[in-house]
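Peer 1: Provided below are the primary sequence and the corresponding predicted coordinates.
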Amino acid sequence: MTVIHQVNIFAGRIHTRVWRCVMWGLLVALPLPAQVATTEQQPVLPAEQQPVLPTEQQSVLPTEQQPQPDQRTPAQRPGRRLAGYVLGPGDELVIMSVHAPEIANKPIAITNSGDFTVPMIGRIEAAGKTLEQLQTEVEERLKTYIKEPDVAINVSKMRSQPVSVFGAVGAPGVHQLEGNKTLIEVLSMAGGLKSDAGSRVRITRKSEWGVIPHSSARTDGDYSIAEVDVRTIEDASRPNDNLQIYPYDVITVPRAEIVYVIGDVKKSGGFMLNDRRSISLIEIMARAEGLNPTASGKDAQIIRPVPGANRIQIPVNLRDVLAGKKKDVMLQPDDILYVPNSYAKSAFKRTLDSVIQMSTGRVIYR
């Protein structure tokens, strides 16, 4: 092989390599067609269909494993904490402590002597202390065994502050104060005043709580008694009459004194005396909006209850009284003024019992 032939072979090899490099460069520089792309394009979803990835704040647990909010009522929870609530006999406590399972989450009743006994602590006085004070004392005693007790005490049942509400209220009975309460708050707890309730409320208090701070207060043995007009509280004329109520107070809401007007009048029913002991015949007729044209006013009757006897009937010429020809007559609580119809004036056949039955179930007007 000659030198010229060897040179030609070497040059051909160089030419082939150069050509290959050029072709590969073109292939890299040119974009590939969509149908021969090595990676399949993913479809673009609408924004509302895009998958939501969990953030740091979002939970990746299944719904049934996620922590649910506590929907229990306060009465269904282990206990309640009331600021300033003073413990007393009958209250039931629950002590919570991770480091003291011997006493944790177990109901503890305060005895009539005002104390309770639990393991590791022993006997401890609770009556007269707040939850915060009792909690501090329990923690101090547990430090003998536990470096950091971390105790919380709640009240599961409140029975040491009963107050009795009787009379014309929606829910009469014994209610628990559960802290400081005023007269209006306690009446609200008892369902509020009924429509036939009087406005004067009587409060009876044990002398150990002192004399009731009211101008009407009087002492009767071991009790202090006062009468409060709730209307003066409602209209804000005497806001200080909204007295604080203490444990074992007895609140009595008497039924309002009522005079009934029935028969041939424009507005029959029961009319409250509003703390008055009597009302005139002219005034009660004004409330009843007067006689109907068919009424026989001269044959009216006042039916009055008599202690130790049945009711008595008192005839009254209502027309003469209204005309000023005769002296006005004063009606007393529970009196019934009956005005007959003129067509029946000559033959008044209604018995006393039937008239009394007519007055029951009538609308009561304040």
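Peer 2: Cool, got the structure. Numbering: from 1, shown residues only.

Peer 1: pLDDT weak spots in the protein?
Peer 2: 1-83, 344-366 (pLDDT under 70).

Peer 1: What ranges does it have for its helices?
Peer 2: For the chain, the helices defined by DSSP state H occupy 3-29, 131-142, 183-189, 230-234, 281-287, 318-322, 352-359.

Peer 1: From the rest of the structure, what touches the fifth one?
Peer 2: The one in question is helix 281-287. Identification of contacts with helix 281-287 by C-beta atoms under 8 Å, 6 or more residues apart in numbering yields 259, 261, 265, 267, 271, 291, 316, 318, 321-322, 328-331, 337, 365. All C-beta spots, glycine's among them, are computed from the backbone N, C-alpha and C.

Peer 1: Determine how far that helix lies from the middle of the whole chain.
Peer 2: 40 Å (C-alpha atoms, centre = their mean, to the nearest Å).

Peer 1: dump the residue contacts of residue 258.
Peer 2: The contact partners of residue 258, by C-beta under 8 Å, 6+ apart, come to 196, 270-273, 333-334, 364.

Peer 1: Neighbour count and distance to residue 140 added to those residues, as a markdown table?
Peer 2: Listed next are the contacts of residue 258 as a markdown table, based on neighbours: other C-beta atoms under 10 Å; distance: C-beta to C-beta, whole Å:
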| residue | neighbour count | distance to residue 140 |
| --- | --- | --- |
| 196 | 13 | 56 |
| 270 | 21 | 63 |
| 271 | 25 | 65 |
| 272 | 22 | 59 |
| 273 | 17 | 61 |
| 333 | 17 | 62 |
| 334 | 15 | 64 |
| 364 | 15 | 60 |
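
Peer 1: which among those residues gets closest to residue 220?
Peer 2: Residue 220 lies nearest to residue 333 out of these, by C-beta to C-beta, at 23.8 Å.

Peer 1: quick one: the spatially closest residue to the closest one that is not a sequence neighbour from residue 160, how far?
Peer 2: Of all residues not flanking residue 333 in the chain, residue 257 sits nearest, at 3.8 Å (C-beta to C-beta, 6 or more residues apart in numbering). According to C-beta to C-beta, to the nearest Å, residue 257 stands 37 Å off from residue 160.

Peer 1: So if I had to pick from those two, which one is more boxed in?
Peer 2: The residue with more neighbours, out of residue 257 and residue 160, is residue 160; 22 against 19, by other C-beta atoms under 10 Å.

Peer 1: residues in contact with the closest residue to that one other than its chain neighbours?
Peer 2: Distances taken as C-beta to C-beta, 6+ apart place residue 88 nearest to residue 160, at 2.8 Å, with adjacent residues excluded. Listed by C-beta under 8 Å, 6+ apart, the contact partners of residue 88 are 110, 114, 127-128, 160-161, 247.

Peer 1: and what of residue 322?
Peer 2: By C-beta under 8 Å, 6+ apart, the contact list for residue 322 reads 282, 285, 291, 297.

Peer 1: Tally up the residues packed near residue 285, please.
Peer 2: Residue 285 has 22 neighbouring residues, counting by other C-beta under 10 Å.

Peer 1: Nearest the middle, which residue of this protein would you pick?
Peer 2: By C-alpha atoms, centre = their mean, the chain has its centre lying nearest to residue 189, at 6.9 Å.

Peer 1: ok so, going back, contacts only, for the residue nearest to residue 333.
Peer 2: Residue 257 neighbours (C-beta under 8 Å, 6+ apart): 198, 272-273, 275-277, 333-334.

Peer 1: What of residue 318?
Peer 2: Counting by C-beta under 8 Å, 6+ apart, residue 318 has contacts 281, 285, 291, 297-298, 300, 339.

Peer 1: and if we set it to 10 Å?
Peer 2: Neighbour list for residue 318: 265, 281-282, 285, 291, 295-302, 326, 329, 337, 339 [criterion: C-beta atoms under 10 Å, 6 or more residues apart in numbering].

Peer 1: Report the buried members of these.
Peer 2: Buried subset of these (neighbour count, 16 or more other C-beta atoms under 10 Å): 265, 281, 285, 291, 295-297, 299-302, 329, 337, 339.

Peer 1: Just the closest of the residues you listed to residue 132, please.
Peer 2: Nearest to residue 132, judged by C-beta to C-beta, of those is residue 337 at 61.7 Å.

Peer 1: which one is that closest one nearest to, not counting chain neighbours?
Peer 2: Closest residue to residue 337 apart from its sequence neighbours, by C-beta to C-beta, 6+ apart: residue 261 at 4.8 Å.

Peer 1: count of neighbours near the one you found?
Peer 2: 27.

Peer 1: Tell me if I'm right that it and residue 288 touch.
Peer 2: Yes - counting by C-beta atoms under 10 Å, residue 261 does reach residue 288; the two are 4.5 Å apart.

Peer 1: which neighbours do these two share?
Peer 2: With C-beta under 10 Å, 6+ apart as the test, residue 261 and residue 288 both reach 267-269, 271, 337, 339, 365.
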